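# Kindly return the folded structure for what I paste below:
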Amino acid sequence: MLCGWLNNGNTLKTPSELNTLVHEVLRHPHFRFEDLKGFDAQIANRRADEADKQAGTPFGTGFRERAVTIDVPSGDKTVPPERIEVPGLHYRRIMDVLREALQDPVLSPKYHLFPFRLFRRAGDSNEASRIYSEIYNSDAMLEAHEDVQSAHLPPEEQECKRPRIVSALMAWSDSTHLANFGNAHVWPIYLMLGNLSKYIRCQPTSGACLHLAYIPSLSAETKRKIAAFHAKWDTQQKQILTHCKRELMQAVWAILLEDDEFLKAYRYGFVMEINGTEYRVYPRLFTYSADYPEKVLLATIRDKGICVCPRCLMPRDKLECMGMVSDMKYRLTHARTYLKWAVERARNLIYNMATPITGPAVERLLKATSSVPTKNAFKIDELDNIDVSRFLVVDFMHEFELGVWKAFFTHSIRLLYAIDSALVKELNKR
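All right, here's what the predicted structure looks like:
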């Protein structure tokens, strides 16, 4: 009967799914055949959907839901800016995610809690070569570990003698379409620990990737509110929406970072038992991986402005020098810094003086460095004013494999076809 059901014409079923049905459902100790009396799949699915709605949030345990507040300029000197709520932020507190990761019974024995330098000696050579392979054998991790040894302790635990360690937080975010047709999408933020080897993190079934938040989008209703409020919506619609999207991204991260427990842990550490030993753990943000449009939002710079790089002030007209010695020197000596004073002055012009977001007065302050009039959520004193330009790492997939390398390979294939199509077959063999 089971094999007949498997081979009844529906090609979506596989033998492995039949094994799962038998061993994980029918033979489960809690499964009772009498519960199937009058069973109807559509009714059961509808009941499950209703139960999810009643649970409050569809994203699982630990998630909270709230609206994100952004400041919208009025475009009129006589009208003060308005705080507009963007509903639909689903998030977990960073400390909850961190505790879950450190207490994972499968992954916790595999964490590298103490960083080290890794060397390789080839053959009979006495010369050792330094190897950079993981976060926990990088100079950044070694420096962070050294720093926390002399970090502050909370007033109530001045005599704490527990070993001090660093939890290396690595963040990802990527807006994802959920269907081939339509506009359904979700914008998740993930968190991983650099204390775990990349060879484990990259395994889809390892459980090392933890969901932190789901960023909401500006709904049609929110856009209508902004349009009704801003006096110059008809002529400045594009600039206003772009500004609001920047404000939204930074407001989401402000909610995640400006959490009292996280800020206290960042400064004083927090006590956590890992594999039977108590440690004082200091969370530190090490990397953020995102594609270019999201890096633009995170670094609070313009998309394809005069200085296109989120890490340095290399102007667009000098990009052709990429790879030269002079290019590397320029990037090192012209690293991007957050111009807090310029941003505050620009915001005063926009919000209090009704200056257009891309007006001449604002452009004089920000255009040369491709900056934007948005406060960066990562630049707060409690987090030692994190250098955003340093932890926005190269996204190998988006910036090389789907960019430079893909374009080069595609062009090479075209050349081979133009010379002799048999050369393409030879390339396939190789």
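# which element follows the longest strand seen in the chain toward the C-terminus?
Looking across the chain with DSSP state E, the single longest strand is strand 277-289. Using DSSP states H and E, the helix or strand that follows strand 277-289 in sequence is helix 292-298.
# can you give me the strands for the stretch 101-250 of the chain?
Secondary structure of the stretch 101-250 of the chain (DSSP state E, counting those that start in this stretch): strands located at 118-121, 128-131, 164-173, 176-177, 185-186, 188-193, 210-214.
# ok, how many other residues are close to R302?
Residues near R302, counting by other C-beta atoms under 10 Å, number 19. To be clear about C-beta, it is placed using only N, CA and C from the backbone, and glycine gets the same treatment.
# By mean pLDDT, show me the worst of the strands of the stretch 101-250 of the chain.
In terms of mean pLDDT, the lowest-scoring of the strands of the stretch 101-250 of the chain is strand 176-177 (a mean of 80).
# That strand packs against which elements?
Helices and strands touching strand 176-177, as assessed by 3 or more C-beta pairs under 8 Å, 6 or more residues apart in numbering; DSSP states H and E, comprise strand 185-186.
# Pull the residues that contact the strand it packs on.
S175, T176, H177, L178, Y214, S217 (C-beta atoms under 8 Å, 6 or more residues apart in numbering).
# do the same with stretch 95-109
For stretch 95-109, the external contacting residues (C-beta under 8 Å, 6+ apart) are 62, 111, 167, 169, 191, 193, 196, 200, 206-208, 210, 212, 259, 261-262, 265, 270, 272, 274-275, 281, 283.
# Now do the buried residues in that stretch.
Neighbour-count burial for stretch 95-109, counted by 16 or more other C-beta atoms under 10 Å, picks out M95, D96, V97, L98, A101, L102, D104, L107, S108.
# What is the end-to-end distance of that stretch?
Counting by C-alpha to C-alpha, to the nearest Å, you get 20 Å between the two ends of stretch 95-109.
# average model confidence for it?
On average, the pLDDT along stretch 95-109 is 93.
# do stretch 14-22 as well
Averaging pLDDT along stretch 14-22 gives 78.
# same deal with stretch 62-69?
Across stretch 62-69, pLDDT averages out at 92.
# got it, and stretch 297-308?
The pLDDT scores in stretch 297-308 average 92.
# what does it rub up against?
When contacts are defined by C-beta under 8 Å, 6+ apart, stretch 297-308 is touched by residues 245-246, 249-250, 253, 288, 290, 292-293, 296, 310, 313-316, 319, 336, 338, 343, 367-372, 374-376, 378, 388-389, 392.
# repeat for stretch 416-430
Residues outside stretch 416-430 that contact it (C-beta under 8 Å, 6+ apart) are I413.
# from the chain's centre, how far out does that stretch sit?
Relative to its chain's centre, stretch 416-430 lies at 40 Å (C-alpha atoms, centre = their mean, to the nearest Å).
# Okay, buried residues for it please.
For stretch 416-430, burial by neighbour count (16+ other C-beta under 10 Å) applies to L416.
# start to end distance for it?
One end of stretch 416-430 sits 14 Å from the other (C-alpha to C-alpha).
# Give me the distance between the two termini of stretch 389-399.
Note: stretch 389-399 ends 16 Å apart using C-alpha to C-alpha.
# Would you reformat the strands of the stretch 101-250 of the chain as CSV and include distance to I70 and mean neighbour count?
Rendered in CSV, the data for the strands of the stretch 101-250 of the chain read as follows (distance: least, C-beta to C-beta, whole Å; neighbours: other C-beta atoms under 10 Å):
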stretch, distance to I70, mean neighbour count
strand 118-121, 45, 11
strand 128-131, 45, 11
strand 164-173, 18, 23
strand 176-177, 23, 10
strand 185-186, 20, 12
strand 188-193, 18, 21
strand 210-214, 16, 21
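# Using TSV, please lay out these together with distance to G38.
Listed next are the strands of the stretch 101-250 of the chain as TSV, based on distance: least, C-beta to C-beta, whole Å:
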stretch	distance to G38
strand 118-121	63
strand 128-131	64
strand 164-173	45
strand 176-177	39
strand 185-186	36
strand 188-193	39
strand 210-214	37
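# before we move on, the earlier item: select only the buried ones of the contacts of stretch 297-308 in PyMOL?
To isolate the buried members of these in PyMOL, using 16+ other C-beta under 10 Å:
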select buried, resi 246+249+250+253+288+290+296+310+313+314+315+336+338+343+367+369+370+371+372+374+375+376+378+388+389+392
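# Let me know the distance separating F408 from M397.
When distance is defined by C-beta to C-beta, to the nearest Å, F408 is 15 Å away from M397.
# cool, and G88?
Using C-beta to C-beta, we find G88 at a distance of 28 Å from M397.
# before we move on, what about F31?
F31 is 42 Å from M397, by C-beta to C-beta.
# Quick one: the helices in the stretch 251-400 of the chain, in order.
For the stretch 251-400 of the chain, the helices defined by DSSP state H, counting those that start in this stretch occupy 260-268, 292-298, 325-333, 340-352, 360-366, 388-391, 396.
# With only the CA atoms kept, save the third one in CSV.
Yep, that's helix 325-333 we're talking about. Taking Å, rounded to 0.1, in the frame of the first residue of the first chain, the C-alpha atoms of helix 325-333 are listed here in CSV:
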residue,chain,number,x,y,z
VAL,A,325,50.6,50.0,-5.8
SER,A,326,49.5,53.6,-5.9
ASP,A,327,45.9,52.5,-5.7
MET,A,328,46.5,50.5,-2.5
LYS,A,329,48.4,53.4,-1.0
TYR,A,330,45.6,55.8,-1.8
ARG,A,331,43.0,53.5,-0.2
LEU,A,332,45.0,53.1,3.0
THR,A,333,45.7,56.8,3.3
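# What is the distance between that helix and the centre of its chain?
Centroid separation between helix 325-333 and its chain, computed with C-alpha atoms, centre = their mean, is 28 Å.
# Which residues does it contact?
Applying C-beta under 8 Å, 6+ apart, the contact partners of helix 325-333 are C309, R311, C312, M314, K318, C321.
# Now do the domain split for this structure, please.
According to automatic domain parsing, the chain comprises the domains 1-34, 59-300+374-393, 395-430.
# For R47, find the nearest of those domains.
For the domains of the chain, proximity to R47 was assessed by C-beta to C-beta; domain 1-34 is nearest, at 17.5 Å.
# just how off-centre is the closest one within its chain?
That offset, for domain 1-34, works out to 38 Å (C-alpha atoms, centre = their mean).
# Can you measure across it, start residue to end residue?
Using C-alpha to C-alpha, one end of domain 1-34 lies 19 Å from the other.
# in it, what counts as buried?
By neighbour count on 16+ other C-beta under 10 Å, the buried set for domain 1-34 is empty.
# Check stretch 85-96 too.
Neighbour counts using 16+ other C-beta under 10 Å place V86, L89, H90, Y91, R92, R93, I94, M95, D96 of stretch 85-96 among the buried residues.
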